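Participant: any chance you could fold what I've pasted below:
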Amino acid sequence: MKVDMFDFHLPEELIAQTPLAEREQSRLMVLDKQAGTIQHEIFKNITEYIKPGDCLVLNDTKVLPARLFGSKEDTGAKIEVLLLKQEEEDTWETLVKPAKRIKKGSKIIFGDGKLVATCLEEQEHGGRILHFDYDGIFYEVLDELGQMPLPPYIKEQLEDRDRYQTVYARERGSAAAPTAGLHFTEELLAEIREKGVHIAFITLHVGLGTFRPVSVDEIDEHEMHAEFYQMTEGTAKLLNEVKEQGGRIITVGTTSTRTLETIAAANDGIFKEANGWTNIFIYPGYEFKGIDGMITNFHLPKSTLIMLISALAGREHVLAAYEEAVKERYRFFSFGDAMLII
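Facilitator: Predicted coordinates:
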């Protein structure tokens with residue numbers, strides 16, 4: 001299957017640069033995955049499409065202010081560092097720009113010396129293993145010096161960093177937000193619970209691999225980067241009960257979807273307490289074992305994310321929906337509008 005089969009024309013002005021003033025006021029496209037029919041809604045009206053006994057599954061990962069700006073100790077050259085994954089307590093896998101300036105042994109100074117990084121290892125594509133030295137608590141230093149790692153297609157500065165966090169974020173460790181969840185407010189979640197809909201939480205720390213462009217021609221040659229996930233015993237029990245009682249499991253975002261499918265695929269469709277690393281790559285031809293529907297944002301052409309939703313709703317239905325979204329001037333990507341696939 002060719003990557004070009006998931007291409008579409010996207011006018012650049014439809015890429016949302018800033019979040020809406022009110023989270024739940026984004027638009028919502030409702031796509032029937034069987035018939036391919038489309039309805040246009042406002043996100044706060046999503047309660048009309050989920051039923052008592054259904055379960056929404058949310059990813060409670062919390063985005064780190066993981067982008068740091070410093071200077072090389074000996075030359076003063078400006079260096080940007082993006083934290084990707086904690087290897088040990090003070091050692092991180094990172095992405096460095098410009099990477100050619102940072103060799104093994106190089107030191108980077110942040111915040112007039114409040115934080116100092118030493119390069120332990122050089123990796124491909126700008127990757128560097130850095131060890132950090134500091135006084136106090138690392139995450140407090142990071143909160144002071146770091147910026148939110150907004151995707152490269154967002155050019156505007158984010159005035160309120162909380163707008164790149166879900167209202168239920170609690171497990172810190174993510175390099176990017178699970179953006180489908182940005183549309184929820186505490187009030188909307190309360191309304192959903194009052195309707196008799198279950199809400200469950202999983203954790204998947206989003207890595208940059210999710211958003212890296214597919215650089216091969218054939219889909220099955222692409223390799224996903226591994227990301228850490230976790231499901232508690234309580235969540236597993238709730239999801240199994242929902243399935244047994246005929247409720248639908250509706251994931252919020254591709255990250256929740258990949259977590260549930262990783263666990264269900266390993267356990268014959270049953271959910272169990274689990275944690276580990278997943279590099280599951282879902283594209284058309286995949287048979288879903290854990291989920292029935294999904295809430296997601298509008299994604300990049302030829303991305304692994306549009307391939308995933310095409311596996312759920314069918315490539316032709318998805319591309320037709322995206323054509324409609326462009327025509328109707330929906331807002332795309334992280335701060336954009338949402339789609340419900342049921």
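
Participant: contacts only, for Lys155.
Facilitator: Contact partners of Lys155, counting by CB atoms under 8 Å, 6 or more residues apart in numbering, are Gln17. C-beta here means a position set from N, CA and C on the backbone, and glycine is covered the same way.

Participant: doesn't it belong to a strand?
Facilitator: No. Under DSSP: H, G, I helix; E, B strand; the rest coil, Lys155 sits outside any strand and is assigned coil.

Participant: mind checking pLDDT for it?
Facilitator: Looking at Lys155, its pLDDT stands at 83.

Participant: what of Thr210?
Facilitator: 58.

Participant: what's the local residue count around Ala338?
Facilitator: The local packing of Ala338 (other CB atoms under 10 Å) involves 28 other residues.

Participant: for Ile341, that is, sorry about that
Facilitator: 22.

Participant: likewise Asp217?
Facilitator: 10.

Participant: and Glu323, by the same measure?
Facilitator: Neighbours of Glu323 (other CB under 10 Å): 12.

Participant: what about it, which helix or strand?
Facilitator: Glu323 is part of helix 315-327 when elements are defined by DSSP states H and E.

Participant: ok, Ser310 next?
Facilitator: Going by DSSP H and E, Ser310 is in helix 304-313.

Participant: that helix packs against which elements?
Facilitator: Under the contact criterion of 3 or more CB pairs under 8 Å, 6 or more residues apart in numbering; DSSP states H and E, helix 304-313 touches helix 254-266, strand 293-297, helix 315-327, strand 338-341.

Participant: thinking again about what came up before, report the buried residues of the helix holding Glu323.
Facilitator: Arg315, His317, Val318, Leu319, Ala320, Ala321, Tyr322, Ala325, Val326 (16 or more other CB atoms under 10 Å).

Participant: just the CA trace of that helix, in CSV.
Facilitator: Provided in CSV are the C-alpha atoms of helix 315-327 (Å, rounded to 0.1, in the frame of the first residue of the first chain):
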residue,chain,number,x,y,z
ARG,A,315,-9.7,5.3,3.4
GLU,A,316,-12.3,6.5,1.0
HIS,A,317,-14.7,7.6,3.8
VAL,A,318,-11.8,9.4,5.6
LEU,A,319,-10.5,11.2,2.5
ALA,A,320,-14.0,12.2,1.5
ALA,A,321,-14.5,13.6,5.0
TYR,A,322,-11.3,15.5,4.8
GLU,A,323,-12.3,17.0,1.5
GLU,A,324,-15.5,18.1,3.1
ALA,A,325,-13.5,19.5,6.1
VAL,A,326,-11.4,21.6,3.7
LYS,A,327,-14.4,22.8,1.8
